[in-house]
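Enquirer: Provided below are the primary sequence and the corresponding predicted coordinates.
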There are 2 protein chains.
Amino acid sequence: MTIDRAAVTVDLVLLTIRQGSLQVLLVRRGIPPYEGRWALPGGFVLPDEDLDEAARRELREETGLDPQAGHLEQLATYGTPGRDPRGRVVTVAYLALLPDLPSPVAGSDASAASWRPADQAGLAFDHDRILADGVERARSKLEYTPLASAFCAPEFTVADLRAVYETVWQTTLDPRNFHRKVTSAEGFVEATGNTVSRERGRPAQLFRRGPATLLHPPLLRPAR
Amino acid sequence: MTIDRAAVTVDLVLLTIRQGSLQVLLVRRGIPPYEGRWALPGGFVLPDEDLDEAARRELREETGLDPQAGHLEQLATYGTPGRDPRGRVVTVAYLALLPDLPSPVAGSDASAASWRPADQAGLAFDHDRILADGVERARSKLEYTPLASAFCAPEFTVADLRAVYETVWQTTLDPRNFHRKVTSAEGFVEATGNTVSRERGRPAQLFRRGPATLLHPPLLRPAR
DNA sequence: ACAAAAGTGTTCCTTCTACACCCATGC
DNA sequence: GCATGGGTGTAGAAGGAACACTTTTGT
């Protein structure tokens, strides 16, 4: 039996919300193939490294961020022959939902990295497809998990959370009903007791993530 | 840079409903490691083969079944170092939901294959974990997709479909409300016009799969 | 006739939706 | 005071759960 061996990489779909839009971290390729094109950050899995570990390492390298701060999960695996012209490369894609980073992107490979709108097209390799799959996964995850808070700072207001939903889903939600749903859903958020005043209007309560891992009931996006 | 190359395999979680229980197709290993233990069927991805293609090929080899008949999707990828004592093996697991096969399992490697209850434990490699992930995925897919019909023959009754839900979720559902929900959900099922009489009672209408790919509204499993 | 399964109708209750209304702040 | 965003109350609509009841078969 001839066993084909493949190079195994992890590619990251790092999503955040910046300047009111859903953005993804991309790196500009400095070498062929696809030289000069934008691509998802990623790299080879090390010889004695677990896949999840490799994804966490890449996340740290690209963003300088503690993987604890956001949310990281396996997305899907892509291995079509010819997807990388250099040979057989199987990539395990990971999806991360991250708060807007206070510090600029730092790290070894990050010189040519920048946040770009997530509706980007024309990426290197099959990264258009991977990005689209990641965005769709993020959209549906907001429905039945409390992961929207992964896009927020450790303390956030209900309005912050609503902005996440509105940005990712590209809809508008009723602020009053949203408030009720979020605060009454078991374990979604916990009040910290603090408040903030922003610009104008009554100060808002601050919350942190609750312990729930699933939303009961789910928060369904409006039927388009 | 030293690039680690890994053997890439696909492993299949083939689920069906037989004799009133959720069952999974397992093969008994004839060689070390884990000789004599039950394992998920699977095999190496061929040099010029796409991952999905490899999964479809394995499905045909193990069951003799046209992949069109059921449902096949990528589940997740497992690559922990040491998961296979023979070396670095990354496996892309696929989940299939299949109708109860009229023909016995046939195919090249299938001599030692058999259907076993899906709550099985003590499998080779990390297959306990993969199987558990597959079963959980199947459970939640029934909620918001019409895939329950993938467990049924091309023509089925509402009671057949309800049996799928009750078996996979391990609950009982009200036959009357279930009937209404299924027949009123847009695109879930389509009446064929035929009926069948089974054992006793009024004959039931036969349906085939509808065109819908998502259920609106979802059919939520009762809160534990 | 009787049992059993298919299928319909109805009632009650929970949840969603829309929106009126009050609260607390900056200017 | 007035504009602005935070937060509560409530009425109507929609959907789910429970169950009485009718239909159509096998024995």
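Expert: Looks like it came in fine. Residues are numbered from 1 along each chain as shown, chains lettered A, B, ... in the order given.
Enquirer: low pLDDT regions in chain A?
Expert: A:1-2, A:102-111, A:224 (pLDDT under 70).
Enquirer: Can you give the domain ranges for it?
Expert: According to automatic domain parsing, chain A comprises the domains A:7-142, A:146-209.
Enquirer: Would you mind measuring the gap between the ends of the last one?
Expert: Put plainly, it is domain A:146-209. Start and end residues of domain A:146-209 are separated by 8 Å (CA to CA, to the nearest Å).
Enquirer: Does it reach chain B?
Expert: No. Domain A:146-209 lies out of reach of chain B by CB under 8 Å from any CB of the partner chain, never closer than 10.9 Å. Every C-beta, even on glycine, is put in place using the N, C-alpha and C of the backbone.
Enquirer: Next one: that domain, is it in contact with DNA strand C?
Expert: Yes. With CB under 7 Å from any atom of the strand as the criterion, DNA strand C is reached by domain A:146-209 at A:174, A:176-177, A:180-181, A:195, A:197, A:200-203.
Enquirer: Just the helices from chain A, written as ranges.
Expert: For chain A, the helices defined by DSSP state H cover A:51-63, A:127-144, A:158-169, A:175-184.
Enquirer: Using CSV, lay out the ones you listed together with mean neighbour count.
Expert: Below are the helices of chain A laid out as CSV (neighbours: other CB atoms under 10 Å in any protein chain shown):
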stretch, mean neighbour count
helix A:51-63, 21
helix A:127-144, 19
helix A:158-169, 19
helix A:175-184, 14
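Enquirer: now those as TSV including distance to residue B:149?
Expert: Formatted as TSV, the helices of chain A follow (distance: least, CB to CB, whole Å):
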stretch	distance to residue B:149
helix A:51-63	33
helix A:127-144	21
helix A:158-169	29
helix A:175-184	32
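Enquirer: now the longest strand seen in chain A against strand B:5-18, angle please.
Expert: Secondary structure of chain A per DSSP state E: the longest strand is strand A:5-18. Our comparison of strand A:5-18 with strand B:5-18, counting by axes from the mean of the first three to the mean of the last three CA atoms, to 10 degrees, yields an angle of 80 degrees.
Enquirer: Quick check: the gap between the nearest residue to residue A:79 once chain neighbours are set aside and DNA strand C.
Expert: Nearest residue to residue A:79, sequence neighbours excluded (CB to CB, 6 or more residues apart in numbering or on different chains): residue A:90, at 3.9 Å. For residue A:90, the distance to DNA strand C equals 41 Å [CB to the nearest atom of the strand, to the nearest Å].
Enquirer: Between the residues of domain A:146-209 next to DNA strand C, which sits nearest residue A:86?
Expert: Of all these, residue A:181 has the smallest distance to residue A:86: 49.0 Å, by CB to CB.
Enquirer: quick one: contacts for the closest one?
Expert: For residue A:181, the contacting residues are residue A:219, by CB atoms under 8 Å, 6 or more residues apart in numbering or on different chains.
Enquirer: Quick check: residues of chain A near DNA strand C?
Expert: So chain A meets DNA strand C at A:174, A:176-177, A:180-181, A:195, A:197, A:200-203, A:217, A:220, A:222 (CB under 7 Å from any atom of the strand).
Enquirer: Now distance to residue A:26 too, for those, in CSV please.
Expert: Output for the residues of chain A next to DNA strand C, formatted as CSV (distance: CB to CB, whole Å):
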residue, distance to residue A:26
A:174, 34
A:176, 37
A:177, 36
A:180, 38
A:181, 34
A:195, 37
A:197, 36
A:200, 36
A:201, 36
A:202, 39
A:203, 37
A:217, 36
A:220, 31
A:222, 30
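Enquirer: Looking at neighbours, which among those is most surrounded?
Expert: Compared across these, residue A:181 has the highest neighbour count, 16 neighbours, by other CB atoms under 10 Å in any protein chain shown.
Enquirer: before we move on, the earlier item: neighbouring strands for the longest strand of chain A, and are they parallel or not?
Expert: Within its sheet, and counting by DSSP bridges, strand A:5-18 is paired with strand A:21-28 (antiparallel), strand A:42-44 (antiparallel), strand A:89-97 (parallel), strand B:5-18 (antiparallel).
Enquirer: Distance from the chain centre to the last one, please.
Expert: What that stands for is strand B:5-18. Taking the mean C-alpha point of strand B:5-18 and that of its whole chain, the gap between them comes to 10 Å (CA atoms, centre = their mean, to the nearest Å).
Enquirer: how close does residue A:207 get to chain B?
Expert: Per CB to the nearest CB, to the nearest Å, residue A:207 is found 24 Å from chain B.
Enquirer: Tell me which of the domains of chain A lies nearest to residue B:99.
Expert: domain A:7-142 (26.0 Å).
Enquirer: Any residue of the closest one touching DNA strand D?
Expert: No. Domain A:7-142 stays clear of DNA strand D (CB under 7 Å from any atom of the strand), getting no nearer than 13.3 Å.
Enquirer: got the end-to-end distance for that domain?
Expert: Note: domain A:7-142 ends 33 Å apart using CA to CA.
Enquirer: for that domain, the distance to its chain's centre please.
Expert: How far domain A:7-142 lies from its chain's middle: 9 Å, per CA atoms, centre = their mean.
Enquirer: so what's residue A:89 closest to, chain neighbours aside?
Expert: Sequence neighbours aside, residue A:7 is the residue nearest to residue A:89 in space, at 4.7 Å (criterion: CB to CB, 6+ apart).
Enquirer: Which residues does residue A:74 form beta bridges with?
Expert: Beta bridges link residue A:74 to residue A:94, judged by DSSP bridges.
Enquirer: check contacts around it.
Expert: By CB under 8 Å, 6+ apart, residue A:74 lies in contact with A:51-52, A:55, A:92-95, B:76-77.
Enquirer: From DNA strand D, how far off is it?
Expert: Using CB to the nearest atom of the strand, residue A:74 is found at 30 Å from DNA strand D.
Enquirer: With residue A:48 instead?
Expert: For residue A:48, the distance to DNA strand D (CB to the nearest atom of the strand) stands at 48 Å.
Enquirer: pretty sure that residue contacts residue B:80?
Expert: No. Look at residue A:48 against residue B:80 with CB atoms under 8 Å: they stay out of range, at 10.3 Å.
Enquirer: neighbour count winner among the two?
Expert: residue B:80 (17 against 10).
Enquirer: Can you tell me, leaving aside adjacent residues, what's nearest to that one?
Expert: residue A:50 (4.9 Å).
Enquirer: And the one you found, its phi and psi?
Expert: Main-chain torsions, residue A:50, degrees, to the nearest 10: phi -70, psi 160.
Enquirer: show me the contacts for it.
Expert: Contacts of residue A:50 by CB under 8 Å, 6+ apart are B:79-81.
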